[in-house]
Structure formats: C-alpha cells, structure tokens
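Visitor: got a predicted structure plus its sequence, pasted below:
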Amino acid sequence: MLVRSSIVRYDGAMQALTFWKTITVDNADLLQKFIAFLDEHAIRYCVIGGQAVNAYAEPVVSLDLDLVIAVEQLPQLSGLLAGHFVMKSFPHSLNISLPGSDLRIQIQTDPRYAGFPERAEVRSVLGIELPVASLTDVMQGKVWAVSDPGRRPSKRQKDLADIARLLENHPQLRSYVPQTVLDRLFL
C-alpha cells in the first residue's frame, strides 16, 4: 500500500509546523523538500522514533525526524538523493541534511523495520499529515532502541520516557514491553 503525505494544514497544524521550523532552525525548508521529494519519486516510507510517539501521545520537542523507507526502494533512494541533499551513511542509517537547517532526518536501514511502512497510517506530525508507523510498531521500535546496549545511555533514557508516554496514553501496549524494560519505568 502506498501511503502519501499531505501538506494541507489547518490553523493548529500550521502553528505546530511553524513552531517546529523555528526550533529546528529549518530555514532551508528541509522537511517540506524532503517529503515532497519522497512523494515525487513514489517512495513508500513512514515516521518512526520520537516524532511517531508524538503522533500517539502528548508531543515533546525534538530536532530529529526518523523514517523507514520500503526495503525494496532503499537502493533507488540512495541514488536519487545524491545532488539534492547532504547524505551521510552509517551502519544502520542514512542521515539527510541541508545547509540552513538544524533538522536531522535519519532513515533507519535496520532490516527489523522492513514491514513498518506497509502497516503505517496517516497521522498528524509537525503539522503535516504523514504516514506514521502503527502504534504497535512504534512501541516495538522503542523497545528495540532501549534494549540496544550500543546505544548511548542518554538516548536509552529518552527511549524509556517515550515508552512511558505511550503506555500512559495506550495502556493496552503493556504486553508488548518486556518485563525487564517495565521494571525500569516508574509507572
């Protein structure tokens, strides 16, 4: 299923987008350019990470936008991005940026996320309607992140907070969280 974004905004969404653009100092319009680029090339994707949590719980400010691209389109995307965006490759991600923007777009390439775009649903993120990983997929991604011993401790603490935010709003997700992670939460 191809899930498309929409840059149609309403007053509250416009305020959210303006606020986020101010916080991220996105003078280059990286967010809109990148989403339009994905749509123009029919790249299937979904939002994951903290911004996906924000789509299901009270939002918190972040400079990051984490995405998953449909696995079969990743090789195509890398070639298409060259010349349009600044790209840095890491073992499990591609980082996208532009001069004039502090926004950090990270494309997750870990194969565990491969099915996320197919289960995504359109939700409001940063004042834009975007495909967001399903609620259970968002939780799964956060459990993987908090359980990754190679991840910085400060990032794992943020992941724990994101799990807590999701559980406060969606207590039915508790069964998706291992007891070892639940023991670290103060719920």
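Guide: Happy to help now that I have it.

Visitor: C-terminal to the lengthiest helix in the chain, what's the next element?
Guide: If you go by DSSP state H, the chain has its longest helix at helix 153-169. As assigned by DSSP states H and E, the chain's next helix or strand after helix 153-169 is helix 179-182.

Visitor: for that following helix, buried residues please.
Guide: Neighbour counts over helix 179-182 (16 or more other C-beta atoms under 10 Å) mark V181 as buried. In this view, the C-beta of every residue, glycine as well, is placed from N, C-alpha and C.

Visitor: that helix - what's its average pLDDT?
Guide: Throughout helix 179-182, pLDDT has a mean value of 96.

Visitor: my guess is A57 meets L167, correct?
Guide: No: taking contacts as C-beta atoms under 8 Å, A57 lies outside contact range of L167: 9.2 Å.

Visitor: so what's N169 up against?
Guide: If a contact means C-beta atoms under 8 Å, 6 or more residues apart in numbering, then N169 has 56-58 as its contacts.

Visitor: for S5, report the pLDDT, please.
Guide: For S5, the pLDDT comes out at 43.

Visitor: if we can go back for a sec, mean confidence for the longest helix of the chain?
Guide: 96.

Visitor: likewise stretch 51-70?
Guide: 92.

Visitor: just the C-alpha atoms of it, please, in PDB.
Guide: Provided in PDB are the C-alpha atoms of stretch 51-70 (Å, rounded to 0.1, in the frame of the first residue of the first chain):
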ATOM      1  CA  GLN A  51       8.000  12.000  16.200                       C
ATOM      2  CA  ALA A  52       6.000   8.900  15.800                       C
ATOM      3  CA  VAL A  53       5.500   8.800  19.600                       C
ATOM      4  CA  ASN A  54       4.400  12.400  19.300                       C
ATOM      5  CA  ALA A  55       1.700  11.300  16.800                       C
ATOM      6  CA  TYR A  56       0.200   9.000  19.500                       C
ATOM      7  CA  ALA A  57       0.900  10.900  22.700                       C
ATOM      8  CA  GLU A  58       1.500  14.400  24.000                       C
ATOM      9  CA  PRO A  59       4.300  15.800  21.800                       C
ATOM     10  CA  VAL A  60       7.700  16.800  23.000                       C
ATOM     11  CA  VAL A  61      10.200  18.900  21.100                       C
ATOM     12  CA  SER A  62      12.900  17.100  19.100                       C
ATOM     13  CA  LEU A  63      15.200  18.100  16.300                       C
ATOM     14  CA  ASP A  64      15.000  14.600  14.800                       C
ATOM     15  CA  LEU A  65      12.800  13.000  12.200                       C
ATOM     16  CA  ASP A  66      13.300   9.300  11.900                       C
ATOM     17  CA  LEU A  67      11.900   7.400   8.900                       C
ATOM     18  CA  VAL A  68      11.800   3.900   7.500                       C
ATOM     19  CA  ILE A  69      11.800   3.500   3.700                       C
ATOM     20  CA  ALA A  70      10.300   0.500   2.000                       C
END
